[in-house]
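[1] With the sequence up front, the predicted model follows.
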Amino acid sequence: MLGRWKIRSRYGLWAFGQPEWHPEAPPSPNKEKPVGGAAVIQLGPDEFLVAGSDLRLEFGLDKPAAGENSQFLDVEEGTFENGRWVMTRRWNGDQVDYGLNLAAPTLLKVRLGTFR
């Protein structure tokens, strides 16, 4: 857990959907391979730097209040140049629907929020 947030990592999944939605689907090619991992650095109460590959990260509130939900406000893929963050692209809703699917080595800046 990082502050009020918890992060779940899952390995060997396809990029979209949850495995229980499609139990007949063939397993991901990486399901049995010893690959995947991530590092998460908290930059602020609701902001994180994520580096990783070959996994899905799911962010949620550790102890949500009644009716409180979490969401991604911004997910930026990028790099650092001369110590400054440079965004190369913004991830859209289809790319964050089921969490952050890091199929290849990726560096992200993530900002989370809540709603009722």
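    Great, that's in hand. Numbers count the residues shown, from 1 in each chain.
[2] Can I take it that residue 86 is in a strand?
    Yes: Residue 86: assigned to a strand according to DSSP: H, G, I helix; E, B strand; the rest coil.
[3] Now do the contacts for it.
    Contact partners of residue 86, counting by CB atoms under 8 Å, 6 or more residues apart in numbering, are 78, 79, 80. C-beta: built from backbone N, CA, C; applies to glycine.
[4] and it, how far is that from residue 63?
    Between residue 86 and residue 63 the distance is 35 Å, computed by CB to CB, to the nearest Å.
[5] what's the answer for residue 30, then?
    33 Å.
[6] If you count surrounding residues, which of these two has more?
    Per other CB atoms under 10 Å, whichever of residue 30 and residue 63 has more neighbours is residue 30, with 16 against 8.
[7] okay but the more buried one is in contact with residue 11, surely?
    Yes: when contacts are counted by CB atoms under 8 Å, residue 30 is listed as touching residue 11 (7.3 Å).
[8] Give me the common contacts of those two.
    With contacts taken as CB under 8 Å, 6+ apart, residue 30 and residue 11 have 36, 54 as neighbours in common.
[9] okay, and the helix or strand of the chain with the least pLDDT?
    Least confident element among the helices and strands of the chain, by mean pLDDT, DSSP states H and E: helix 93-96 (a mean of 86).
[10] Residues contacting that one, please?
    When contacts are defined by CB under 8 Å, 6+ apart, helix 93-96 is touched by residues 16, 72, 75, 101.
[11] ok, and the closest non-adjacent residue to the first one?
    With CB to CB, 6 or more residues apart in numbering as the criterion, residue 16 has its nearest non-adjacent residue at 6.2 Å, and that residue is residue 98.
[12] list the contacts for the one you found?
    15, 16, 17, 18, 56, 58.
[13] hmm, back to that, can you flag which of the contacts of residue 86 belong to strands?
    Using DSSP state E, the members of the contacts of residue 86 that fall in strands are 78, 79, 80.
[14] Make JSON lines out of the residues you listed and add distance to residue 49, neighbour count and pLDDT.
    As requested, the ones in strands among the contacts of residue 86 are arranged in JSON lines below (distance: CB to CB, whole Å; neighbours: other CB atoms under 10 Å; pLDDT from 0 to 100):
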{"residue": "78", "distance to residue 49": "10", "neighbour count": "17", "pLDDT": "98"}
{"residue": "79", "distance to residue 49": "11", "neighbour count": "10", "pLDDT": "97"}
{"residue": "80", "distance to residue 49": "9", "neighbour count": "10", "pLDDT": "97"}
